[in-house]
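Engineer: what's the 3D shape of this:
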Amino acid sequence: MANKEGKSEIVVGKCNSERVKMKNKSSTTIESLPDELVFNILVRLPAEDIYNDAMLVCWKWYRTIHTRNFIDSHLRHSTPGILVRNFNFKNNDSFIVSMRQDRAVLSEFSYKFTGGGPWSCCNGLIVEYDYSKRSLRITNPAIKQHFAIPQFIRPRAHVIYPSIAYSAASKEYKVVLTYGISDGGDSCVPRLAILTVGVDQSWRDVCTPQLSQDMIIIAPVISEGFIHWPLERTHVLTLNVATEVVTRTPLPEGCDNGFKFYLSTGKYLSLFVRCTVFSLEVWDLESDSGEWTKMNNIDLESQKSKFEHVNCKKDSRRFVLIPTVWLKCKEVLVFRFQRPTGVFFAYNVRTHEIDWFELDCACHFRNFELHTSSLVWLT
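Structural biologist: Okay, the predicted model is just below:
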């Protein structure tokens, strides 16, 4: 529009002016997002994405992610997977098996372990042996943090299985070692050593008559606040991580015979007793009370035709289904086979569906642990 001097000018009418005001009013930055919305979005992201990317977006997100409330909430929202580690020195690769849309999905585990030997997981933390320093250390692979553990030195001590567990009462992590001291003959005297992470500067021995020599060679099973050592045909020894008291729990009546397998559900210890080749009796141990609860049996008899491709007809005795890990809060049970094979299957106990998957069978030495990718750390 031209003015009296013949020069053009822009006239903003009321309608356009209102539109500009509305546009400016509705423009939103990351910093202006509501705290609750930011929290609920971030808490559902994988730990690696949060640590590598989201944490660097802005100070607001950085501060949110570093709060105890966020770290605990993220852990509760995270879904565990099976961390499968090879002990073949030529192939030290590890994998994560997770359930997505009721299918088993394999992905490479990017963290490279420093050494071999047994190891243990709890809330995303892994206790492993650091060969360069000849001592144990705690690692969170997702956030690339390491914590050195004081060396364990005992004369004539033979250590096999380290464990890490969390005490919710004291909000502390504890590393537990089962070891034996040679008595000068062919046997060892069993011992337990405990170290409260970030508190103890040296290891503390737990002396109790409940210990058994079999603990030295048995891999412990970790549940919520407890560490268990199944002593095959008779009972289970359980360490309360908070009180550091060891108790002895007899197996349910009638479970003395047959193949037995033990797994952690996360909260409880599960006992599987083999009834037939394709069926298992299931019990859960409530560690605080020491009581066993009978659960629904696992029965695959009606689906046994699906196993013909892995059945060893030359030696049927070696065809044993071995429960390996619970996934999705006791909804999915992963099985492997006793004879050397890379074939696994995930069985949905609710829908009775079976999903097959396979790992590299070149390595017969594998370790399976339930692992959650988390932001948990020890400081």
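Engineer: Which stretches in this protein count as helices?
Structural biologist: In the chain, the helices defined using DSSP state H lie at 14-26, 35-42, 47-52, 59-65, 68-77.
Engineer: Most tightly packed of the ones you listed?
Structural biologist: Each of the helices of the chain was scored by mean neighbour count; the highest is helix 47-52, a mean of 18, by mean count of other C-beta atoms under 10 Å. C-beta here means a position set from N, CA and C on the backbone, and glycine is covered the same way.
Engineer: need the contact list for Val334.
Structural biologist: Ile82, Val97, Ala104, Pro323, Thr324, Val325, Trp326, Leu327, Phe344, Phe345, Ala346, Tyr347 (C-beta atoms under 8 Å, 6 or more residues apart in numbering).
Engineer: Of these, grab the buried ones for PyMOL.
Structural biologist: Applying 16 or more other C-beta atoms under 10 Å to these, the buried members can be selected in PyMOL as follows:
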select buried, resi 82+97+104+323+324+325+326+327+344+345+346+347
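Engineer: The contacts of Val334 in strands, which ones?
Structural biologist: If you go by DSSP state E, the contacts of Val334 have Ile82, Val97, Ala104, Pro323, Thr324, Val325, Trp326, Leu327, Phe344, Phe345, Ala346, Tyr347 in strands.
Engineer: just checking, Gly290 touches Thr249?
Structural biologist: Yes - at 4.7 Å, Gly290 counts as touching Thr249 under the criterion of C-beta atoms under 8 Å.
Engineer: So which of these two has more stuff around it?
Structural biologist: Thr249 (19 against 13; other C-beta atoms under 10 Å).
Engineer: what's the spacing between that one and Leu263?
Structural biologist: Per C-beta to C-beta, to the nearest Å, Thr249 is found 16 Å from Leu263.
Engineer: Check Ser287 too.
Structural biologist: Ser287 sits 14 Å away from Leu263, taking C-beta to C-beta as the criterion.
Engineer: Let's see the pLDDT reported for Gly115.
Structural biologist: pLDDT, the model's per-residue confidence, is 66 for Gly115.
Engineer: now swap in the one 3 residues further on and tell me
Structural biologist: The model reports Pro118 with a pLDDT of 63.
Engineer: was I right about Gln338 contacting Thr324?
Structural biologist: No - under the criterion of C-beta under 8 Å, Gln338 is not in contact with Thr324, lying 11.4 Å apart.
Engineer: No more questions from me, cheers.
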